[in-house]
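Chemist: 3D, please:
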Amino acid sequence: ISGDDDEIQQLQKALLDYLDENTETDASLVFSRKFYIAQWFRDTTLETEKAIKSQKDEDPSEGTHHSKDVESTGQIMRRAESRKMFLRSIIKTAPSQFSTLKMNSDTVDYEDACLIVRYLASMRPFAQSFDIYLTQ
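Modeler: Here you go, the predicted model:
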């Protein structure tokens, strides 16, 4: 997986569908599902703020370079809004409506769900900088 937004959203959707499908057997999965949605929403907000702040901290020497920064800021905002809209649409969907919206739930089992969780966790900043913490 290359890690672009569409693939990550498909993995997130598959994981949420799996959690929703198995809430009858384990009530704690309801909390897990809500936690993942909230965490991904928070991550999107923090990543956007961090990207915009890093662009503001860079002092462009030319006006044309500044226009490229403004353009990329717009792209960052659009990407963040599309992620948030995706998560909001999942929040607003009632659990009974999930049966009509399921895309990958037939192919996701427990092992696949564990693999998806590991992959999505590896994308988090702490997991990416873990080697740095160990060397220090």
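
Chemist: Give me the spatial nearest neighbour of the residue nearest to the spatial centre of the chain, chain neighbours excluded.
Modeler: Compute the mean C-alpha point of the chain, and by C-alpha atoms, centre = their mean the closest residue is residue 40, 4.5 Å away. In space, and not counting its chain neighbours, residue 40 is closest to residue 87: 5.9 Å by C-beta to C-beta, 6 or more residues apart in numbering. From N, CA and C alone the C-beta is placed, and that goes for glycine too.

Chemist: What helices and strands are in contact with the host helix or strand of that neighbour?
Modeler: Assessed by DSSP states H and E, residue 87 sits inside helix 63-92. Counting contacts by 3 or more C-beta pairs under 8 Å, 6 or more residues apart in numbering; DSSP states H and E, helix 63-92 packs against helix 5-21, helix 28-57.

Chemist: buried ones in the last one?
Modeler: Burial within helix 28-57, assessed by neighbour count using 16 or more other C-beta atoms under 10 Å, is assigned to 29, 32-33, 36-37, 40-41, 44, 48, 51-52, 55.

Chemist: Give me the angle between it and helix 63-92.
Modeler: Counting by axes from the mean of the first three to the mean of the last three C-alpha atoms, to 10 degrees, helix 28-57 lies at 170 degrees to helix 63-92.

Chemist: between helix 28-57 and helix 5-21, how many degrees?
Modeler: 160 degrees.

Chemist: Show me what helix 28-57 is packed against.
Modeler: Contacts defined by 3+ C-beta pairs under 8 Å, 6+ apart place helix 28-57 against helix 5-21, helix 63-92.

Chemist: related to what we said a few turns ago, tabulate the helices and strands packed on helix 63-92 in TSV, adding columns for distance to residue 74 and mean pLDDT.
Modeler: Putting those into TSV (distance: least, C-beta to C-beta, whole Å; pLDDT from 0 to 100) gives the following:
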stretch	distance to residue 74	mean pLDDT
helix 5-21	16	86
helix 28-57	11	87
